[in-house]
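J.: what follows is a predicted protein model with its sequence.
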Amino acid sequence: MLEHSSFTRQAPSRVVVIGAGGFVGGAIGARLAADKVPVLALTRHELDLLKPEASTTLQRSLRADDSVVFVSALAPTRNNAMLIDNLRMAEAVCAALVAQPVAHVVYISSDAVYSDDANPVTERSCRQPSSLHGVMHLAREIMLSAALKLPLAILRPTLIYGAKDPHNGYGPNRFRRLAAKGEAITLFGEGDEKRDHVHVDDVAALAGAVLHHRSNGTLNIATGRSVSFREVAEMIAALSGRSVEIRGTPRQNPITHRHFDITDCLKAFPEFHYIPLPDGLARAAKESA
């Protein structure tokens with residue numbers, strides 16, 4: 001559960017975004033800049049976390065009154081080598097933050113840390129990942145929690161979509177690109193699985209709110225409304241203005257759903273409202289046109 005150190009919004013002195021060149025890190029940096037918060041944006045060009053000197057380089061960039069957002073990752077984690085590299089990256093960040101403590105740390109994790117049958121998912125659900133990607137994020141969460149003696153917020157977004165997503169994963173991002181080219185959208189089975197989808201701007205907005213309140217603890221980032229992949233495909237096909245075929249395929253795996261109980265988010269940020277999926281898909285289509 002998330003707890004606020006400050007119940008009124010107070011802008012951080014400066015936010016260091018580790019992974020500012022990525023999809024989520026870039027959105028967080030842009031949101032903070034729009035809120036007039038000073039940002040030190042560290043991309044892989046300024047800070048390669050896999051280099052031997054990474055910890056020292058980061059330490060020298062930090063100030064005691066900084067807030068740090070750690071979002072840099074090799075994602076999705078598909079094999080053991082990527083897993084090890086991601087843990088090495090986290091090790092460098094932990095070492096730098098131990099050597100130069102800061103005011104606040106926010107780690108962008110994933111709902112992949114939860115077990116597949118945790119329905120509805122809450123911040124107290126069993127952390128039992130079934131994928132290397134989930135294992136990576138859970139290990140990083142534990143590394144940070146064990147190493148740091150300072151306020152730490154762990155944010156666990158569900159499936160993120162948006163115009164600039166680079167991964168082309170199954171769901172809104174891939175479907176939108178296929179529809180834009182007039183190509184068929186191919187579903188797993190009939191697309192019956194229901195999932196929650198969150199726009200990257202909502203992730204950035206909540207990360208900003210956590211930074212302004214110097215919050216500590218964990219928070220899931222999900223809208224609380226799950227829809228089937230077929231529904232998502234149909235929405236995107238309609239938005240494309242093209243005649244887009246939606247194809248089913250023989251089912252290979254059992255149907256599983258994921259639903260969220262977002263009570264903790266509503267308590268922490270009662271004035272925050274998620275972008276409804278139809279509106280978010282329309283925004284992504286417009287921004288990518």
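T.: Yes, it's here.
J.: in the chain, what residue sits furthest out from the centroid?
T.: What lies farthest from the middle of the chain is residue 243; by Cα atoms, centre = their mean that is 32.1 Å.
J.: SS state for that residue?
T.: Of the three states, residue 243 takes coil under DSSP: H, G, I helix; E, B strand; the rest coil.
J.: which element is the residue lying closest to it once chain neighbours are set aside on?
T.: Excluding its sequence neighbours, the residue lying closest to residue 243 (Cβ to Cβ, 6 or more residues apart in numbering) is residue 182, at 7.6 Å. Using the backbone N, CA and C atoms, a C-beta is placed for each residue, glycine as well. Counting by DSSP states H and E, there is no helix or strand that carries residue 182.
J.: what about residue 182, distance to residue 233?
T.: 14 Å (Cβ to Cβ, to the nearest Å).
J.: hang on, residue 233 in a helix?
T.: Yes - under three-state DSSP, residue 233 falls within a helix.
J.: from residue 130, how far out is it?
T.: From residue 233 across to residue 130, the span is 25 Å (Cβ to Cβ).
J.: more crowded one of the two?
T.: Taking other Cβ atoms under 10 Å, residue 233 and residue 130 do not tie; residue 233 has more neighbours (26 against 12).
J.: quick one, what contacts that one?
T.: Residues near residue 233 by Cβ atoms under 8 Å, 6 or more residues apart in numbering: 175, 185, 187, 191, 246.
J.: now the third one: closest residue in space, sequence neighbours ignored.
T.: When you say that, I think you mean residue 187. residue 248 (5.4 Å).
J.: ok so, going back, of the contacts of residue 233, which is the most crowded?
T.: residue 175 (27 neighbours).
J.: which helix or strand contains it?
T.: Assessed by DSSP H and E, residue 175 sits inside helix 172-180.
J.: how about residues contacting that helix?
T.: Applying Cβ under 8 Å, 6+ apart, the contact partners of helix 172-180 are 159, 161-162, 165, 167-168, 184-185, 197, 232-233, 236-237, 239-240, 242, 244, 281, 284-285, 288.
J.: now, these that are in strands?
T.: Members of the contacts of helix 172-180 lying in strands (criterion: DSSP state E): 159, 161, 185, 197.
J.: quick one: the third one from residue 232, how far?
T.: Distance, residue 185 to residue 232, using Cβ to Cβ: 9 Å.
J.: for the residue positioned nearest the centre of the chain, name its beta-bridge partners.
T.: In the chain, the centroid-proximal residue (Cα atoms, centre = their mean) is residue 157; its distance is 4.5 Å. Under DSSP bridges, the beta-bridge partners of residue 157 are residue 221.
J.: residue contacts, it?
T.: 24, 108, 109, 110, 111, 198, 203, 220, 221, 222.
J.: now the buried members of those residues.
T.: Those of these that meet the buried threshold are 24, 108, 109, 110, 111, 198, 203, 220, 221, 222, by 16 or more other Cβ atoms under 10 Å.
J.: so what's the fifth one up against?
T.: Translated: residue 111. 121, 156, 157, 158, 220, 222, 258, 260.
J.: over to the third one?
T.: Residues counted as contacts of residue 109 (Cβ under 8 Å, 6+ apart) are 137, 138, 140, 141, 154, 155, 156, 157.
J.: in TSV, list these along with pLDDT, secondary structure and distance to residue 55.
T.: Putting those into TSV (pLDDT from 0 to 100; DSSP: H, G, I helix; E, B strand; the rest coil; distance: Cβ to Cβ, whole Å) gives the following:
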residue	pLDDT	secondary structure	distance to residue 55
137	98	helix	21
138	98	helix	22
140	98	helix	15
141	98	helix	19
154	98	strand	21
155	98	strand	23
156	98	strand	26
157	98	strand	27
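J.: and these, which are buried?
T.: Among the contacts of residue 109, the ones that count as buried (16+ other Cβ under 10 Å) are 137, 138, 140, 141, 154, 155, 156, 157.
J.: before we move on, the earlier item: tabulate the contacts of residue 233 (TSV), appending distance to residue 96 and pLDDT.
T.: What follows is these, written out as TSV (distance: Cβ to Cβ, whole Å; pLDDT from 0 to 100):
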residue	distance to residue 96	pLDDT
175	39	96
185	43	97
187	44	97
191	44	96
246	48	97
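J.: from those residues, pick the one nearest residue 84.
T.: Using Cβ to Cβ, residue 175 comes nearest to residue 84 of the contacts of residue 233, at 32.4 Å.
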